[in-house]
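Colleague: need a 3D model of the following:
(chains A and B)
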Amino acid sequence: MSIDTLARAATGAQRAPQASHLTVAGFLACFRGIVWREVLRFLHQRERFFSALVRPLVWLFIFAAGFRQVLGVSIIPPYETYVLYETYIAPGLIGMILLFNAMQSSLSMVYDRETGAMRTLLVSPYPRWFLLTSKLIGGVSVALLQVYAFLAIAYFWEIEPDAAALPVGLTLGGQFVGFEIPAPFNGYITVLPAIVLSGLMLGAFGLFLSSVIRQLENFAGVMNFVIFPMFFASSALYPLWRVRESSPLLYEICRFNPFTHAVELIRFAFYCQFDLNSFYVVAGCTILFLACAIYAYNPSKGLIARRGPGGPKN
Amino acid sequence: MVETAKLDTAAGKRAPAGGEALLVRGVSHSFGDVRALNEVSLTVAPGAFTVLLGLNGAGKSTLFALITRLYDNTSGEISIFGNDVRRRPSSALQRLGVVFQSRTLDADLSLLQNLTYHAALHGYGRREGRRRAHAALQMVGLDKRAHEKVRNLSGGQARRVEIARSMLHEPGLLLLDEPTVGLDIDSRQSVIAIVRGLVRDHGIGVLWATHLIDEIDPNDRIVVMHKGRVLYSGSVPGLLEAGRASDPASAFRTLTGQPTAEAA
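Modeller: Have a look, this model is predicted:
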């Protein structure tokens, strides 16, 4: 068997694409391939799936149950009544899934860079920004599976969106034409874009981090300095008004933390509401982090170019 | 006649830009204060098997990283079939296949999934990607194991899959970075035979980085690298003449002042 098999026995196969082949179909095939690989890898690593689920569930079933009596939550938007503490921290736990998934992706990028596996991605003829963005979206797709699995389990813990039915349609001549999505399905739908945008922001941040980190060993330290401060100095576990009561400085730090805005964006969207301020912050940070990551992976300007590759050298 | 790096540079300047599968001309690269490559020049012609011979730390992997545009060279020129890798990276990378030194297959995925992923990275849709993947696996004699996970393969079989992967998009130039390291004798010979077959039968230009001198064939072109410099570039007889030796290993030792891994 020779390359003839490749070129011709691949019945009907066309000659290898040249410069002009970078068509929309080619971009789509490349994008689909990268995203599909991320999902496949995740599905093949069942332990990763279960550990990703167990973490927020432990917080929900143990931590939140224990603190239910200690941490009462007053009526604050988007809630229209008193809510249980479990209900309050559910959006924060969604944020936690996204945060850990982003850092896991970042970790695998560092590992791939050390082993050289990432080069297979970067030698693709498609633009590097496109490859990195596709990989980022692949990571968010994986996070989505985790989030909705978590929400499905949380549903049986009576954590569900209870907003009014969501109308979908048009008002023509004073008459509504369309249909209504009842609770809780409406919240599960409206929270989707918020999860995607927050996942992109955190994933882009992880992508940038992966370019900054020299070795896998350094990553553990960065995790401690990134994940825990981001998570705890946010509105994920306690409302900001409570934080302000105990420490005005910490309150300002929490407000400055983009993770706070990701959690709030998810929280409002879960109840079919839109937090414009959080949206601006999360969207802005997504663009900023992604631009930094693309710059860092730029072959002529980026950080990797300055210090050299990981992996074996000879 | 003794062929030197300087002569090769001159030859590179004379060669028409589109004539060489690979043209590296006057490339230097530093990481901070460390100069990894110093005025490196070499060419690989279509249908030529070129051995890049050097010890660990010679700069072979850095050169490969620049050719594959993991990062850009700070000076000099690198072009693949006349396409400058900095100015026209897409055109250059489309004609390039690479087998990296470290194992880069995803062990949790099947052979077929690994290859269709690579096909997607070159813009092939699912159906076309699968067709090419099967054909490429057939080329290296592993089509029957297409649905097995990579972790079930031996080192030599995994290498053959990587070669199949590198050929999926029918490149004109193939780079292989120490592809036989860690393989047993049979696997080494199998890998070498496959790649030499691609050169002989289909005119693929190959740059084969190694520190194992017994992988050299008398008809190969040789580039000797040492401490970031090209010490020699030319034919095997020219290497023997340059090293004033009767065999390539002795010539290499004379040129570099170092033992080869094989000799060690």
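
Colleague: which secondary element of chain B has the worst mean pLDDT?
Modeller: Each helix and strand of chain B was given a mean pLDDT (mean pLDDT, DSSP states H and E); the minimum falls on helix B:5-14 at a mean of 34.

Colleague: can you name every helix or strand that whichever helix or strand comes after that one contacts?
Modeller: The C-terminal neighbour of helix B:5-14 among helices and strands, as given by DSSP states H and E, is strand B:22-31. Identification of packing neighbours for strand B:22-31 by 3 or more Cβ pairs under 8 Å, 6 or more residues apart in numbering or on different chains; DSSP states H and E yields helix B:5-14, strand B:34-44, helix B:60-67, strand B:75-80. The C-beta positions use only the backbone N, C-alpha and C, and glycine is treated the same way.

Colleague: redo that, cut-off 10 Å
Modeller: Counting contacts by 3 or more Cβ pairs under 10 Å, 6 or more residues apart in numbering or on different chains; DSSP states H and E, strand B:22-31 packs against helix A:303-307, helix B:5-14, strand B:34-44, helix B:60-67, strand B:75-80, strand B:173-177, strand B:205-210, strand B:229-235.

Colleague: need these in a markdown table (columns: mean neighbour count and distance to A:Leu132).
Modeller: Formatted as a markdown table, the helices and strands packed on strand B:22-31 follow (neighbours: other Cβ atoms under 10 Å in any protein chain shown; distance: least, Cβ to Cβ, whole Å):
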| stretch | mean neighbour count | distance to A:Leu132 |
| --- | --- | --- |
| helix A:303-307 | 17 | 12 |
| helix B:5-14 | 15 | 34 |
| strand B:34-44 | 20 | 25 |
| helix B:60-67 | 26 | 18 |
| strand B:75-80 | 20 | 23 |
| strand B:173-177 | 24 | 23 |
| strand B:205-210 | 25 | 27 |
| strand B:229-235 | 22 | 34 |
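
Colleague: the ones you listed: lowest mean pLDDT?
Modeller: Looking at the helices and strands packed on strand B:22-31, the lowest mean pLDDT belongs to helix B:5-14 (a mean of 34).

Colleague: B:Asp108: neighbouring residues, count only.
Modeller: Residues lying near B:Asp108 (other Cβ atoms under 10 Å in any protein chain shown) number 16.

Colleague: got it, and A:Ile181?
Modeller: By the criterion of other Cβ under 10 Å, A:Ile181 has 17 neighbours.

Colleague: next, count neighbours for the residue nearest to it when sequence neighbours are not counted.
Modeller: Of all residues not flanking A:Ile181 in the chain, A:Leu166 sits nearest, at 4.4 Å (Cβ to Cβ, 6 or more residues apart in numbering or on different chains). Using other Cβ under 10 Å, A:Leu166 has 17 other residues around it.

Colleague: surely A:Leu166 meets A:Gly187?
Modeller: Yes. With contact defined as Cβ atoms under 10 Å, A:Leu166 reaches A:Gly187; the gap is 8.3 Å.

Colleague: residues that sit against both of these two, list them.
Modeller: Shared contacts of A:Leu166 and A:Gly187, defined by Cβ atoms under 10 Å, 6 or more residues apart in numbering or on different chains, comprise A:Ile181, A:Cys272.

Colleague: on that earlier part again, to B:Gly156, which of the helices and strands packed on strand B:22-31 lies closest?
Modeller: B:Gly156 lies closest to strand B:173-177 among those, at 14.0 Å (Cβ to Cβ).

Colleague: neighbours of B:Asp33, how many?
Modeller: Each residue near B:Asp33 was counted by other Cβ under 10 Å, and the total is 5.

Colleague: oh, I was asking about A:Phe63
Modeller: Neighbours around A:Phe63, by other Cβ under 10 Å: 16.

Colleague: over to it: give its phi and psi.
Modeller: Backbone torsions of A:Phe63, given as degrees, to the nearest 10, read phi -60, psi -50.

Colleague: in contact with it, which residues?
Modeller: Residues near A:Phe63 by Cβ under 10 Å, 6+ apart: A:Pro56, A:Tyr85, A:Glu86, A:Ile89, A:Leu93, A:Leu237.

Colleague: A:Leu250 too?
Modeller: Counting by Cβ under 10 Å, 6+ apart, A:Leu250 has contacts A:Phe232, A:Ala233, A:Leu240, A:Val243, A:Arg244.

Colleague: and it, that's in a helix?
Modeller: Yes. Per DSSP: H, G, I helix; E, B strand; the rest coil, A:Leu250 lies within a helix segment.

Colleague: any figure for the gap between it and chain B?
Modeller: To chain B, A:Leu250 is 39 Å away according to Cβ to the nearest Cβ, to the nearest Å.

Colleague: A:Gln273 now?
Modeller: In terms of Cβ to the nearest Cβ, A:Gln273 sits 39 Å off from chain B.

Colleague: my read: that residue touches A:Phe279, true?
Modeller: No. Contact criterion Cβ under 10 Å: A:Gln273 and A:Phe279 do not qualify, at 11.2 Å.

Colleague: before we move on, the earlier item: pipe the helices and strands packed on strand B:22-31 into JSON lines and attach distance to B:Ala251 per row.
Modeller: Shown next, in JSON lines, are the helices and strands packed on strand B:22-31 (distance: least, Cβ to Cβ, whole Å):
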{"stretch": "helix A:303-307", "distance to B:Ala251": "35"}
{"stretch": "helix B:5-14", "distance to B:Ala251": "15"}
{"stretch": "strand B:34-44", "distance to B:Ala251": "18"}
{"stretch": "helix B:60-67", "distance to B:Ala251": "18"}
{"stretch": "strand B:75-80", "distance to B:Ala251": "27"}
{"stretch": "strand B:173-177", "distance to B:Ala251": "22"}
{"stretch": "strand B:205-210", "distance to B:Ala251": "15"}
{"stretch": "strand B:229-235", "distance to B:Ala251": "8"}
